[in-house]
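Asks: sequence first, predicted coordinates after that:
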Amino acid sequence: MWIWIWVAIIVVSLAVQFVLGRRIWRAVRELMAEIDNLGSTTAILGLELSNVGTRPVPAVAPPRHGMKLAAQA
C-alpha cells in the first residue's frame, strides 16, 4: 500500500518539475532575447551619441536637370 503512495508522490513531483522547468526555460529564453535587443539598442544609441556635436557629412547630391542637359549637349 505504501509503495503506491510513494510512486504517486514521485510521479506528481516529476510532472510538476517538468511543467515548471518548461516555464522557467521559456522565461529564460525570453529574457536572453530581451538582453540581446537591449545590447543592440545600446550600440545604436552609442553610435548616435558619438555623432552629437560633429559636423554633418555632406551627402552626394545627384546632378540637377540642367547639368544633365549640359552634359548631353
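Replies: Looks like it arrived, so ask away.
Asks: those strands in the chain, which residues are they?
Replies: Assigned by DSSP state E, the strands in the chain number zero.
Asks: ok, how many other residues are close to Thr42?
Replies: Other residues near Thr42 number 10, with proximity taken as other C-beta atoms under 10 Å. Any C-beta I mention is one placed from the backbone N, CA and C, and that applies to glycine too.
Asks: now do Val12
Replies: 10.
Asks: now stretch 45-58: how far from the chain's centre is it?
Replies: In terms of C-alpha atoms, centre = their mean, to the nearest Å, the centre of stretch 45-58 is found 24 Å from the chain centre.
Asks: pull the CA atoms of that stretch into PDB?
Replies: Once side chains and other backbone atoms are set aside, the C-alpha atoms of stretch 45-58 remain, and they are given as PDB (Å, rounded to 0.1, in the frame of the first residue of the first chain):
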ATOM      1  CA  LEU A  45      22.400  54.700 -29.200                       C
ATOM      2  CA  GLY A  46      26.100  54.900 -28.500                       C
ATOM      3  CA  LEU A  47      26.700  55.400 -32.200                       C
ATOM      4  CA  GLU A  48      24.100  58.200 -32.400                       C
ATOM      5  CA  LEU A  49      25.500  59.900 -29.300                       C
ATOM      6  CA  SER A  50      29.000  59.800 -30.600                       C
ATOM      7  CA  ASN A  51      27.800  61.800 -33.600                       C
ATOM      8  CA  VAL A  52      26.400  64.600 -31.400                       C
ATOM      9  CA  GLY A  53      28.300  67.800 -32.000                       C
ATOM     10  CA  THR A  54      30.100  66.700 -35.100                       C
ATOM     11  CA  ARG A  55      29.700  68.300 -38.500                       C
ATOM     12  CA  PRO A  56      27.200  66.600 -40.700                       C
ATOM     13  CA  VAL A  57      28.700  64.600 -43.600                       C
ATOM     14  CA  PRO A  58      27.600  66.200 -46.900                       C
END
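Asks: for that stretch, the averaged confidence score.
Replies: pLDDT averaged over stretch 45-58 equals 76, rounded to a whole number.
Asks: what residues sit buried inside that stretch?
Replies: Of the residues in stretch 45-58, none has enough neighbours to count as buried (16 or more other C-beta atoms under 10 Å).
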